[in-house]
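[1] Just a sequence and a predicted model for now, questions to come.
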Amino acid sequence: MSKRKNKPLLILVVSLISLLNIVGLINYTPLISWNWWYLFELLLLSLCILYFQFRSVKLGSISISLSLSVYIPIIFLYGIGEAMWISCLVTIVHTLANKRPFNKLILNCMQRSFSALATGQVFLRLGGEIGNLIIPGSLLPALLASLTYNIVNMGTVMGISLLMGTISEQAARRFFKSNIHAMSSTLLFAYTGIIYALMIASLEFYGLLLFAVLLLGYSETLQHGAKLNAEQSLRLKAEQELVLDSKTKVYNYRYLRDWLEKNAPLEPMAVLFIDIDDFKFFNDYYGHDQGDQALRNVAAAIATSVRSADRVIRFGGEEFVVLLPGLNGEQALEVANRIQGQLKRIPEASMEHPITVSIGVATYPDDAKDIHELLRFADKAMYQAKVSGKNQSCVFCPESCSQTHSG
């Protein structure tokens, strides 16, 4: 589904959430205590939230922070009004400090204060009592209310994004699938907030300070872990780029060379040696741009015809090598035939001078005694397929080749 902006429904949803927030603030603000020590504790918790907001880490495409672990005890122990106001104040400071647009500020205030309101309401409706968190009576309401915070927070963001047309339904589904780990981490942070609330309920100010210090340490550990993960990802990306062919995005000759230099004992495997038939003529006739596109399409067709454990390598020019661990000659020939069939679907297969390939198949240990010989024998089988008429596959044998025509 394409991105579509549903302005009337967007206005209705934003107005409804805003109205609920206003009613919540009107209802719960008069209940806020103006005791100086009470306000001092709230100030400390607010500073913790702000600190964690600035120390958020990227997990998948979601920024996560331990601020939720502080919002939860504020809701359960201090009050819904306090949590809503602190949500707004912290969001204002954080958004202005990061120089984000005004509409982002309004939406974030609305989203977080509404999440706090919904969480507090669920807690109360399930029998919880603000300021009186006891075990085991308050545990189930607290757990379900914490789950509510995550659902409402994420649902509000995603729902408004869909209505604004900034994301499609398909993109939203992909987002949830690819960020399931990050969302489970936010649940963990919510349950950490319940433990924090219990610490404050039991040890009062000392519990607040002690657990805040623990959360600060945990936050720095997350930061360090995120940096290590980012560095590792960059290193892996750089290493991968060294062994990937820039044109076809399959492995390059360097990857094959490294594999050959290891010269490690082989498991049973097969190798396909693939050469595009008359590619020089195709390149000269249709031009190099079309030739480059043909190379990309051939590489993609080969890659879609093999398993994830197999390796597709651009050997050079119009030649490709496919490593097929665990396959014998008959199974490898089936893969070769599948590649031939897949190549019939590429655009270049229907041209006046179509793209076809010749494929040689060799196996270890049936044909070759080492990896170098295995590659050489697959090359010989490919040559036999060429001299036998092209556009076919040939399994290596010392004297002749068994062929499967795919023209």
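    Yep, that arrived. Numbers count the residues shown, from 1 in each chain.

[2] lowest-pLDDT helix or strand in the chain?
    Here the helix or strand of the chain ranked lowest by mean pLDDT, DSSP states H and E is strand 402-405, holding a mean of 52.

[3] Helices of the protein, start to end?
    7-28, 36-54, 68-73, 80-97, 102-125, 139-164, 169-178, 180-203, 205-242, 253-262, 279-286, 288-304, 329-343, 371-387 (DSSP state H).

[4] domain ranges for the chain?
    7-241, 253-405 (automatic domain parsing).

[5] Would you mind saying which of those lies nearest residue 247?
    domain 253-405 (6.1 Å; C-beta to C-beta). Where C-beta positions appear, they are placed from N, C-alpha and C, glycine not excepted.

[6] Please tell me how far the closest residue to residue 17 other than its chain neighbours sits from residue 19.
    Leaving aside its chain neighbours, residue 17 sits nearest to residue 114 (5.1 Å; criterion: C-beta to C-beta, 6 or more residues apart in numbering). According to C-beta to C-beta, to the nearest Å, residue 114 stands 10 Å off from residue 19.

[7] Residue 387 too?
    Counting by C-beta to C-beta, the gap from residue 387 to residue 19 is 80 Å.

[8] cool, and residue 314?
    In terms of C-beta to C-beta, residue 314 sits 61 Å off from residue 19.

[9] So which of these two has more stuff around it?
    Regarding residue 314 and residue 19, a neighbour count based on other C-beta atoms under 10 Å identifies residue 314 as having more, with 26 against 10.

[10] Verify the stated contact: the more buried one with residue 322.
    No - in this structure residue 314 lies outside contact range of residue 322 using C-beta atoms under 8 Å: 10.7 Å.

[11] before we move on, back to that, just confirm the residue nearest to residue 17 contacts residue 155, I think it does.
    No - Residue 114 is beyond contact range of residue 155, at 10.1 Å (criterion: C-beta under 8 Å).

[12] Spatially nearest residue to residue 304, not counting backbone neighbours?
    Per C-beta to C-beta, 6+ apart, closest to residue 304 is residue 342, 6.2 Å.

[13] isn't the one you found right up against residue 299?
    No - Residue 342 is not in contact with residue 299 according to C-beta under 8 Å; the separation is 11.3 Å.

[14] Of the two, give the one with the bigger neighbour count.
    Counted by other C-beta under 10 Å, residue 342 and residue 299 do not tie: residue 299 has more neighbours, with 21 against 18.

[15] Please give me every residue in contact with the more buried one.
    Residue 299 sits next to 245, 248, 249, 250, 312, 314, 320 when contact means C-beta atoms under 8 Å, 6 or more residues apart in numbering.

[16] ok, so of these, who is nearest residue 335?
    residue 312 (11.0 Å).

[17] That closest one is in contact with residue 255, isn't it?
    No - using C-beta under 8 Å, residue 312 makes no contact with residue 255, being 10.0 Å away.

[18] Among those two, which residue is more densely surrounded?
    residue 312 (25 against 21).

[19] any idea how far that one is from residue 303?
    Counting by C-beta to C-beta - residue 312 and residue 303 are separated by 5 Å.

[20] Low-confidence regions, this structure specifically.
    Counting by pLDDT under 70, the chain contains low-confidence ranges at 1-5, 59-62, 176-183, 234-241, 263-266, 399-407.

[21] again, only this time at 50
    1-3, 405 (pLDDT under 50).

[22] Which residues are in contact with the residue nearest to residue 304?
    Counting by C-beta under 8 Å, 6+ apart, residue 342 has contacts 301, 302, 304, 305.
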